[in-house]
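Asks: no sequence for this one, just the structure:
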């Protein structure tokens with residue numbers, strides 16, 4: 001393989017990763033669970049800090065389970081108060097990292113949460129195989145805990 005063809009292959013992989021992540025974000029915003037399921041691989045390396053007081057945070061490993069997280073989040077939070085902004089979107093080969101800020105209000109308690117986040121996604125074969133989310137889990141747990 002020539003240097004030029006290796007560069008083209010790497011560029012193609014990066015382009016695919018960027019496209020799939022953009023499709024994932026658009027599907028999340030639209031609430032298109034079917035599209036989200038299709039974007040996740042059958043088996044997913046899902047990581048989110050365990051938080052037993054937060055009903056939408058639990059272990060997941062299949063595309064359907066991962067896609068269901070968006071619906072569970074919507075059930076437990078006030079849609080009008082949900083905010084997320086992406087400040088940084090980096091893509092290198094099969095990996096993408098998004099960083100930004102999120103906030104919301106828990107429906108059951110009326111309490112708000114907010115904080116920075118980082119999301120690491122890996123795309124292989126045009127589907128998301130890794131979803132690791134790092135967020136302000138303390139703020140979210142406090143918002144889920146009744147006074």
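Replies: Nice, I can see it. Quick caveat, the model's predicted, so the values are computed rather than measured. Numbering: from 1, shown residues only.

Asks: Show me what the longest strand seen in the chain is packed against.
Replies: If you go by DSSP state E, the chain has its longest strand at strand 112-124. On a contact count with 3 or more C-beta pairs under 8 Å, 6 or more residues apart in numbering; DSSP states H and E, strand 112-124 meets helix 3-30, strand 95-105, strand 127-135, helix 137-144. The C-beta positions use only the backbone N, C-alpha and C, and glycine is treated the same way.

Asks: For residue 117, see how far away the nearest residue in space to residue 85 that is not next to it in sequence is.
Replies: In this structure, residue 85 finds its nearest non-sequential neighbour in residue 100, 4.8 Å apart by C-beta to C-beta, 6 or more residues apart in numbering. To residue 117, residue 100 is 6 Å away according to C-beta to C-beta, to the nearest Å.

Asks: Need the overlap of contacts for these two.
Replies: residue 84 (C-beta atoms under 8 Å, 6 or more residues apart in numbering).

Asks: what stretches of the chain score poorly on pLDDT?
Replies: 1-10 (pLDDT under 70).

Asks: And for the helix or strand harbouring residue 64, what's in contact with it?
Replies: Using DSSP states H and E, the element containing residue 64 is helix 63-76. Outside helix 63-76, the residues that touch it by C-beta under 8 Å, 6+ apart are 28, 31, 33, 36-42, 44, 46, 55-56, 60, 106-108, 127-128, 131, 144.

Asks: Buried ones among these?
Replies: 28, 33, 36-37, 39-41, 44, 46, 56, 60, 106, 127-128, 131, 144 (16 or more other C-beta atoms under 10 Å).
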